[in-house]
Structure formats: structure tokens, C-alpha cells
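Enquirer: Here's a sequence, model it:
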Amino acid sequence: MALLVGGGAGLGAAAFRWLIFACTWAVTGHRQFGQQGHAPSLHVPWLGVWFVLIAPIVGGLIYGPLIYRFAREARGHGVPEVMLAVAENGGRIRPPVTIVKAIASALCIGVGGSVGREGPIVQVGSAFASTMGQLVRMSESRLRMIVACGAAGGIAATFNAPITGLFFGFEIVLREFSLDALMATILAAVTGDVVSRAFFGSAPFFAGMPHDLIMTSDYGYLLVAVLGVVAGLIGFGFKTILYSLEDFVERLWGSRPQWALPAVGGAALGALLLLLPQMYGVGYPVMSKVIAGHVVLWFIVVLMVGKLVATSLTLSIGGSGGVFAPSLFIGAMAGTAFGLGAHHLFGSSVGSPALYAVVGMGGVFAAAAQAPLTSMASVVEMTGNFTLTLPVMLACGIAAALSKQLGYGSVYTTKLLRRGIDIERPKATLGLRQLTVADAMQPLPSSDGCGQALGFATSNGSNQSPPPPPWAQLVGHVADIRAPQALFGDETLEQALRQLELYGHAGLPVISHDGERVLGWITRKNVLAAMAQLLASSDRESEQAAEAAELSRRDPDPRVHVPTTPLSGYALLEVAIGPSSPALGHRLDQVDWPSGCLVVAATEKREIVPPRKDLELGLGDRVIVLAPTGSKRARPTPPASAANERNGRGH
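Expert: All right, here's what the predicted structure looks like:
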């Protein structure tokens, strides 16, 4: 699956790159635009430079309604939604996000949106991976891994940087380490990069940048440390201005239709592009021109501030695109300006200004994303300057640490924090990830008169649906009917608790991976018992570890999000044993259960217990039955009172 996802992400990155070129050409007549300065569109030369004022408005009228109608999570830079899906929703991402994000982001960049393409390709690759994983019904732990593989493959393919893709998948998306995930992510990143090289070659992404940059003096590391501090302040400022402007636009727009905001806000973006056309699109050609030394110092500072404002404005008005490329652009401008100043003060012995541009690129992104490993790998891979690993490492570490001290949350996680979601909090559910559903479930009896195989019974080989079984005559009054959810035996207890919280007040069935057999039944009580056993067995080990290492533990409140694994074709029936029930006073194995039904739980003295064959049914007891429905078995109809009760509970 990692190979498949990596290959798909590579093809998706190539297609997305061409889609951006196509949209940019359709608007400007060029594959890339901005480095020409004030230039007209080749398609509408009669508009002159004024076309940049109109293009964002027209583009907003297209991608604004597209996002609002089909996939609202495609708005913005996309990576926070992927992080949230992995951290809180078991890696589940809606399939429409793949197409909507690609089209909307390409349109946004093509009409002048000053954003990058890494956010869209991460969301596209991750959504594709999530869709593939859900199609083959992967367990939650593996689905989270495969989503990180999609992100890694997309980054590797987009920037010809497999190591960056690997670190991005681990440090930003998955946010945890395991050997299985490492191997899968490596496969996806390498596969994505190999596929991309078939289309775009194997040269470094910034092929026009000098590749022989070296730190000529050890004293230069002091300047690098200072630049790390400067980059940390700029990266933190970028995050602050981005969300401050977003708040301002949100207050200004109020309750007006969100789908219209990109078009109306496009007028402000167009005015900025009219003033500073170098901000059009991603901006890589402009960045290469500055690093090559063709721009004066004061204009470099203008470009840095302009990019910060243009990117913040594009995202604040509902545009779709990433913040990785803008961070690199801002960092390159800051580093080049710093290098020119150092060269003027200390002479040529401090090194080329291009060297500090590379260091600045890594430092600003490290501060904005608080991801030093990804930042370090990205700039050395994309520029081909592996000899600068030490200075880049120093600057990235300082910048990321300073940014974290200045404020909690990165440019990615702050978007989630504003919704009240903190994915960086210490998890209380780590113990739940060590145990599987199979460890905690109560196995069903091998022979209880009901059978354990999932299948629909037919009568005399006929394809006609048999009449509903007469429950009141066979067993008792049907008090409740619910659509069941199912769990697989190898899913974690973390996933089981989510399902039980939302769908299983009496428990949930555990099924085999082929969906053909019910293996057992799990309740909250089973989960607590398994956790208690785990804690008891590890108590002495914890004491020994604490004595040896003096470690402490933190245990904050967990959050609950909504997963779903519906068990189609079946219903959970809750049968009540009343005074006139035929099953009253009988044992479970003496009841004439309808064909194809499976008893999964029952009550004894008001406690839910496993369905023992010798369990005697008394007045007020209830039996939970998994019964087939659909084309081969008609669903029983509960009385009106039961239906009303069910509606009141939200089923």
C-alpha cells in the first residue's frame, strides 16, 4: 500500500504541477509570472498591467463556490486538516478533498494567489492515501501511517526531496516514531520521488542556485547564530500576522456568504499585485533572481514584507494554497539581506550572501512550522548544498526553539488551536494503543443455538425475502432497533472507546477481517478490565523505571472525535422479556431464535453479561441480538413507543 500511495502521490504531484502551469498560462500567457515585473497578459494585452486587478476577482468567483459546495476543508493551507485527521480521526479524510483541493489551489495560484503548492499536494496525497486505506478497510493504526505516507510521497515528488518528504511525514503529520511507519514512509517517499523524476528529471529543485557554497570561516557560525535569531523572529511574526489578518477579515466580513469572500477579497489582492507584481503566484523565479544578486538591498526588504502580507491576505480571504513556499521566499529574502549587510561590514571572508539565503530559508520555515528536521532537510536537498548542513542545522534549531518560547503552536497547529483542538497535548490514550480489541473482547460461545457466521438465511432456495420473524411469539417484545457499528480484532482500544462512546451503550460486535464471522462482543467494562490488567502487570516495571530514571507521567483529558465503521446488512435488536414473553423463565439455549440471528449479550441482575447458554431469562431482562436485514431479511418494525424513544436518543 505504501508503494501504491507513493506512486499515486508522485503522479498527483506531476499532474498538479502541470495544472498550476496551465492555469497560470490561461491567465497570463506564461507558465510562471511575476519575475517580469509590470507586464501585461499575452491573452488580453489591451488590459495592460490592470489585468492583475481583475484576475483574482474572477478566480475567486470560481474556486470560492467550488470549495464551499464540495469540500470546505480544502480552504486554507490544508496541512492542519491532515494533521487533525491523523491525530484525532484515525486518518479518515473525505475522498472529494483530493479533486477539490487540486482544482481550487491551481486556480488560486494561477490567478495570482501568493501561496505555495506543498500544502495542496500534502492534502491531495493524504486524501488519496486515506481513500485507498478505507477501501481495503485498514485498521486505524495503519490508516494513520498510510496517510503520512501520502504526505511524504507528495512532498518528495513535488520538490525532488525524499528525505524532506520522510521528515515531513513523521515530524509534522504523524508526529510519532515507529519502525513500521518509518519503513512505509521511506517506501512512499522514494516511490513518489522516482515517479516525479521520470517527468521532471533529477536535478535539485532550485537548480539555478549556486551549489558550491561553503562556510569559509568558523567565525561565520556566530553570524549564522544571529541569523537564526532573526529568522526565528520573522517566522513567528509570519504566523502572528497571518492569523491576525484572518481575524480582521473575519470580523470585517461578518455573516455574509463565505463562498463570495474570495471574489470580494480578490480586489484587495489584485491591488497589492498591481503595486508589487513580484508577489504573483508561488514566486520561485523571483527568489532565484534575488539570490543571484540582481536586486538591490532595499527592494529585497520590500519583497520580504510584501510576500508576508500577500500570503496572509490570500489565505485570509479564503484562498487555497500552502505556506511552505512563502516561508522559503521570506527566509531567502531575509537571509540575502542579512548576508549583504554582513558582507558590507566584515568583507568577503564571511561568505557569499547566497549562503545566508539558504540558511535563512531553513530558519524561517523552522520557526513558522516549529519543525527543525524538516526545515534542515528541505533546504539542503532542494538547493543541493549538503556542505551547509551544519550552519543550516544551527540556524533551524535556534529559530525553532525561539519561536516555541515566543508562543505556543506552529503556523499549522495554530489553525487547530483556534478551533479548540490541541493535537500537541500529551496523550492519555497511549496505553489504549498498546492493546487491541481482541485483547479485551469477550469471545462468543462457539455453539449457542444461533450460529456465529454472518450470512443471510434463505428459504427453499428462493430469492424472495422471507417475512419478518414473529419476535413477540418467539422471544418477546422488541424494545429497540439500532444500526450497528463493527470493530476489527486488531484495532486499538482507543478506536474501540470512540465507537463505544458514540454507538455502543450496550457494546459492539467484533468481526473478522473478511467480514464473514462475529468473533466476540466488547463493552466499556471489557476495555476498563483490559486496561486494569495492563496497569497491574506493568506497575512494578513502572516503579523500577521511575527509581532508575526518576521519570514522571502526565495524564491530561483525552478528546473524542467521530469515526465510523458501519456493519451493513444487520441491525442490533434489544429484546425485552415481559410478563407475556415466551422466553420468560427459559435458558438462552432453549429459546427458538429466528434463523440467522446471533445473540451477542444479555442482562443479568441489570448488568450486561456474555450470552451464556445456561443464562435464565427473568422478568425485565433484555437480550441484545445481531439480526440480518436488507434484501434477504426484512427488518422488524418496533412499536411506535420504541421508535420515538430511539429518535429521542439521536439514533
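
Enquirer: Following element in sequence after the helix ranked longest in the chain, please.
Expert: In the chain, taking DSSP state H as the definition, the longest helix is helix 220-253. Once helix 220-253 ends, the next helix or strand along the chain (criterion: DSSP states H and E) is helix 261-275.

Enquirer: now for the helix or strand following that next one, which elements pack on it?
Expert: Proceeding N to C from helix 261-275, the next assigned helix or strand is helix 284-291, under DSSP H and E. Where contact means 3 or more CB pairs under 8 Å, 6 or more residues apart in numbering; DSSP states H and E, helix 284-291 is packed against helix 297-316, helix 324-346, helix 353-369. Heads up, the C-betas are built off the backbone N, CA and C, glycines and all.

Enquirer: list the contacts for I155?
Expert: Listed by CB atoms under 8 Å, 6 or more residues apart in numbering, the contact partners of I155 are 118, 121-122, 161, 164-165, 168-169, 189, 192.

Enquirer: JSON lines for the residues you listed, including pLDDT and neighbour count?
Expert: As requested, the contacts of I155 are arranged in JSON lines below (pLDDT from 0 to 100; neighbours: other CB atoms under 10 Å):
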{"residue": "E118", "pLDDT": "85", "neighbour count": "28"}
{"residue": "I121", "pLDDT": "88", "neighbour count": "31"}
{"residue": "V122", "pLDDT": "88", "neighbour count": "33"}
{"residue": "A161", "pLDDT": "89", "neighbour count": "25"}
{"residue": "T164", "pLDDT": "92", "neighbour count": "29"}
{"residue": "G165", "pLDDT": "92", "neighbour count": "36"}
{"residue": "F168", "pLDDT": "91", "neighbour count": "32"}
{"residue": "G169", "pLDDT": "90", "neighbour count": "34"}
{"residue": "A189", "pLDDT": "94", "neighbour count": "31"}
{"residue": "G192", "pLDDT": "93", "neighbour count": "36"}
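
Enquirer: Which single one of those residues is nearest to G91?
Expert: Nearest to G91 among these, counting by CB to CB, is G169 at 12.3 Å.

Enquirer: what's the burial count for H43?
Expert: 12 (other CB atoms under 10 Å).

Enquirer: SS state for it?
Expert: coil (DSSP: H, G, I helix; E, B strand; the rest coil).

Enquirer: Give me the nearest residue to it, chain neighbours excluded.
Expert: Of all residues not flanking H43 in the chain, G29 sits nearest, at 5.1 Å (CB to CB, 6 or more residues apart in numbering).

Enquirer: Name the helix or strand of the chain that has the lowest mean pLDDT.
Expert: Here the helix or strand of the chain ranked lowest by mean pLDDT, DSSP states H and E is helix 640-649, holding a mean of 40.

Enquirer: Relative to L143, which of the contacts of I155 is nearest.
Expert: Nearest to L143 among the contacts of I155 is G169, at 14.0 Å by CB to CB.

Enquirer: Quick one, grab the pLDDT at P426.
Expert: For P426, the pLDDT comes out at 56.

Enquirer: one step back: now the longest helix of the chain against helix 297-316, angle please.
Expert: Angle of helix 220-253 versus helix 297-316, following axes from the mean of the first three to the mean of the last three CA atoms, to 10 degrees, is 40 degrees.

Enquirer: which intervals of this protein have sub-threshold pLDDT?
Expert: Applying pLDDT under 70 to the chain flags the ranges 425-433, 445-468, 535-565, 630-651.

Enquirer: What residues sit buried inside the longest helix of the chain?
Expert: 220, 223-224, 227-239, 241-243, 245-246, 249, 253 (16 or more other CB atoms under 10 Å).

Enquirer: Ok, stretch 388-408 next?
Expert: In stretch 388-408, counting by 16+ other CB under 10 Å, buried: 388, 391-403.

Enquirer: before we move on, what about stretch 144-164?
Expert: For stretch 144-164, a neighbour-count test (16+ other CB under 10 Å) marks 144-164 as buried.

Enquirer: Same check on stretch 311-324?
Expert: Along stretch 311-324, these residues count as buried under the neighbour rule (16+ other CB under 10 Å): 311-324.

Enquirer: Look at it and report the distance between its end residues.
Expert: Across its full length, stretch 311-324 reaches 11 Å between end residues, using CA to CA, to the nearest Å.

Enquirer: what's the helix or strand for D422?
Expert: Assigned by DSSP H and E, D422 belongs to no helix or strand.

Enquirer: so who does it touch?
Expert: Contacts of D422 (CB under 8 Å, 6+ apart): 413, 416.

Enquirer: could you check the distance from it over to Y412?
Expert: Relative to Y412, D422 is positioned 13 Å away (CB to CB, to the nearest Å).

Enquirer: D490 contacts M441, correct?
Expert: No. Using CB atoms under 8 Å, D490 makes no contact with M441, being 11.4 Å away.

Enquirer: which residues are common contacts for the two?
Expert: By CB under 8 Å, 6+ apart, D490 and M441 have no common neighbours.

Enquirer: And the two? Which one has more around it.
Expert: Taking neighbours as other CB under 10 Å, D490 and M441 compare with M441 leading, 23 against 14.

Enquirer: show me the contacts for the more buried one.
Expert: Counting by CB under 8 Å, 6+ apart, M441 touches 489, 510, 519-522, 526.
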